[in-house]
Every structure is written in C-alpha cells, then in structure tokens.
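K.L.:
quick one, structure for this:
(chains A and B)
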Number of protein chains: 2
Amino acid sequence: MDQDKLKLFEPGEKVGIVMVVTGQGKGKTTSALGIALRAVGYDMKVCIIEFIKGDMYSGEIDGIKRLSPNVELHLTGKGFCGIMEDPYPFSEHRANAQDALKLAKEKLFSGNFDILILDEINNALRLKLVDLPQILELIDNKPPLIHLILTGRDAHPEVIKRAHTVTEMKEIKHAYRLGIEPQKGIDY
Amino acid sequence: MDQDKLKLFEPGEKVGIVMVVTGQGKGKTTSALGIALRAVGYDMKVCIIEFIKGDMYSGEIDGIKRLSPNVELHLTGKGFCGIMEDPYPFSEHRANAQDALKLAKEKLFSGNFDILILDEINNALRLKLVDLPQILELIDNKPPLIHLILTGRDAHPEVIKRAHTVTEMKEIKHAYRLGIEPQKGIDY
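P.N.:
Sure, this is the predicted structure:
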C-alpha cells in the first residue's frame, strides 16, 4: 500500500505513559529498542539509559548510532552484578547505578526527550543498587507528557501499581536450553 | 564505558534461530523491530514482512527508513481482517496473505538476508489467510543460518514445537483499559 494512503491516528488527548516491561522471557530490552525505532519515525527524541549491561558489546550500540541525534544511549553499568566472576565490589555497582539515576532525573526533566527508557532498572532495584523510593519519586514527579519505560525482571509491585501498561515476557522456550549459544543480532 | 573496551562474544557455532513471539500483551511487533535495530549494529540484513497491518500509519515505517539499506519493510496487509468495519472480503485478505507468503519464500531463499521477520503471521494463520503446512514448509526448509522470526497472538502449537526460542507476552495492564487512547511512539 502507498504510504500516503495510510490512515494516521491522532489521540484526542496526549498522555505520557508509564510502561513496565518485565518477566523472565527474551525481549524486554529488545522491545524498548523497538519503541525507540518507531518513535524516530515521528521524529520524537528518545533517551535510553542501560542500568546493568555495560561491559559486553551489543549490536544496539551501533544500531542506535543510525538513529542519532533522535536517540541517545548511555551505558552506565559495569556489567552483570554479582554473577559470572564479577570483579567489582557491590559498593561500586551501587555508586554506578546511583550516577545512572542522577542522569535519569536530569534527562527526565531536561525537556529534551519524548521518551525515557530506564533499561533493567527493575533488576537494579532487586539488586539494591537503587532504592524503591528513588524510582517512585521519578515516576510520581515526571513531566506529564514524557513516556517513561522501565524494563527488567521482577518489577516491584509498587512500580507496577503506578504503570499504565505492563507486559510480562514469559519464557516458553529458549535456544540456550537446547545448548545453543547466544547468537549475534538475536540474543545480543 | 568506552566502546572499544567492551567485550565481544562470538558463539562457537552459528545457528539460524527460529523464534516465536506470541501472547496478548503489548510488545510483539515492537520486539521484532528491536531485533532489526540491534542487527543493524552488526551490519546484518533484515527483511520484515507485515502480514496484517497495512492501512494505518505506524512510526516504524519511517523509523526503518533510517536503517536502510540494512532493513527493508513490506506492508502486505489491508489492515485488520474481520473487525472494525473491514471493507474487504475474506478472499481479498487471503489473496494478499498468500502474496505475502510468496514474498516471504523469495526473501528467505534469496541469500540477501540474515534475519527474516514475518510479523503477525500467527494471526494470519488463525484467520485462515495462510495454512499451517505453508508455514511449516518455510520453517522446515529454511537455509540453516538465517534467523526466522514469527510474531502474533495465538501461535500454533506446531509452530511453537519447531521454534528454538518462544516468548509469550502477557498483558498485565494496558493503558487502553484506563480509557487512554493509543499514543504515538508507544502504541503505534
């Protein structure tokens, strides 16, 4: 179909959505990336702050460069916390996450973004790298029109309570359980 | 962290993954878009064929243009089938979906793509626009290294059986249940 024949929907009222993407299944960060890609189609501005990932290369780093200057990505983590021969003490992970939170607040109130994605912030909370009141403060005081997306397993019930839209990604099957290693472009 | 200090993982064996993204929750097409964005970071080539959507504008149409020529998008549908004052007869929807399937086969075997995304093909099957043996034939005969992603609600058990990775997106909450209309960049 010709693009100029497509119908364009306009909501009667603009609402800044609070969205939570949680669960054990694959696709949480990935769907946040998809939101960023789609938003670029409307020339919206998106800021993504990744709280946990950080020492492994992932394709999104260079993929997002193609969406510059609409989308900016900040890797704030030192990599997986507490697992896989983690060389960093807890205090350092926490200090990092606290810096990420400061950055999040700055971006949230900057007026420069339509969407702020706090990737794996739910995990950061579970790992006690950030505190629940800190996250609730962000949600409760956000500018009304900015969309705020919080991803990561084990979203806190108080965060879910404040969200408009919550999807749980449930793992039905995963290739690694068949002994297949993570694949480029699919898993990272 | 500096990008050049990031660790790059390489799987010992490359496997063309069959992935299914299903369920009622928000994020199925969105996560397929995220996969495309990430894959572009590795300079991979992605083809997306949307089976159902087609008469409504969605931001991904222009978002994906930013990823050209790595990602190509084909809108093959005539819009929602059988609901919301659908002006088209079933036979026309079916003919469209059959054309889309032909296109899918052509792209799958073209050697031009690392990832083929058949968006909402699960819905097309449930609506009888395509037949189960047609989908299984694609899966069973695909070139070994291409990743094949099938999205849409109500994935057929035979499709799930053949997939390496299956995520079900479960709706916990959705803004529209609060009376909030779909929002640009978030819902479409």
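K.L.:
pLDDT weak spots in chain A?
P.N.:
Applying pLDDT under 70 to chain A flags the ranges A:1, A:54, A:79-84.
K.L.:
can you give me the strands for it?
P.N.:
For chain A, the strands defined by DSSP state E cover A:18-22, A:46-50, A:71-75, A:115-119, A:147-151, A:165-173.
K.L.:
need these in TSV (columns: distance to B:G12 and mean neighbour count).
P.N.:
(C-beta placed from N, C-alpha, C; glycine too.) Shown next, in TSV, are those (distance: least, Cβ to Cβ, whole Å; neighbours: other Cβ atoms under 10 Å in any protein chain shown):
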stretch	distance to B:G12	mean neighbour count
strand A:18-22	30	27
strand A:46-50	26	24
strand A:71-75	26	21
strand A:115-119	28	27
strand A:147-151	29	26
strand A:165-173	21	22
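K.L.:
longest helix of chain A?
P.N.:
Ranked by number of residues, the top helix in chain A under DSSP state H is helix A:90-108.
K.L.:
now that helix: buried residues?
P.N.:
Across helix A:90-108, burial judged by 16 or more other Cβ atoms under 10 Å in any protein chain shown covers A:93-94, A:96-98, A:100-101, A:104-105, A:107-108.
K.L.:
tell me the one of those nearest chain B?
P.N.:
A:N96 (9.9 Å; Cβ to the nearest Cβ).
K.L.:
check contacts around the closest one.
P.N.:
A:76-78, A:129 (Cβ atoms under 8 Å, 6 or more residues apart in numbering or on different chains).
K.L.:
could you check how far it is from B:Y42?
P.N.:
Look at A:N96 and B:Y42: by Cβ to Cβ, to the nearest Å, they are 27 Å apart.
K.L.:
could you do A:P69 as well?
P.N.:
Distance from A:P69 to B:Y42, by Cβ to Cβ: 22 Å.
K.L.:
those two: which has the busier surroundings?
P.N.:
Per other Cβ atoms under 10 Å in any protein chain shown, whichever of A:P69 and B:Y42 has more neighbours is B:Y42, with 16 against 6.
K.L.:
list the contacts of the more buried one.
P.N.:
Counting by Cβ under 8 Å, 6+ apart, B:Y42 touches A:59, A:62, A:184-185.
K.L.:
near chain B, which of these show up?
P.N.:
Near chain B, judged by Cβ under 8 Å from any Cβ of the partner chain, the entries from the contacts of B:Y42 are A:59, A:62, A:184-185.
K.L.:
can you put the residues you listed in CSV and add distance to B:F9 and neighbour count?
P.N.:
Conversion of these to CSV gives the following (distance: Cβ to Cβ, whole Å; neighbours: other Cβ atoms under 10 Å in any protein chain shown):
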residue, distance to B:F9, neighbour count
A:G59, 11, 22
A:D62, 15, 16
A:K184, 8, 21
A:G185, 12, 23
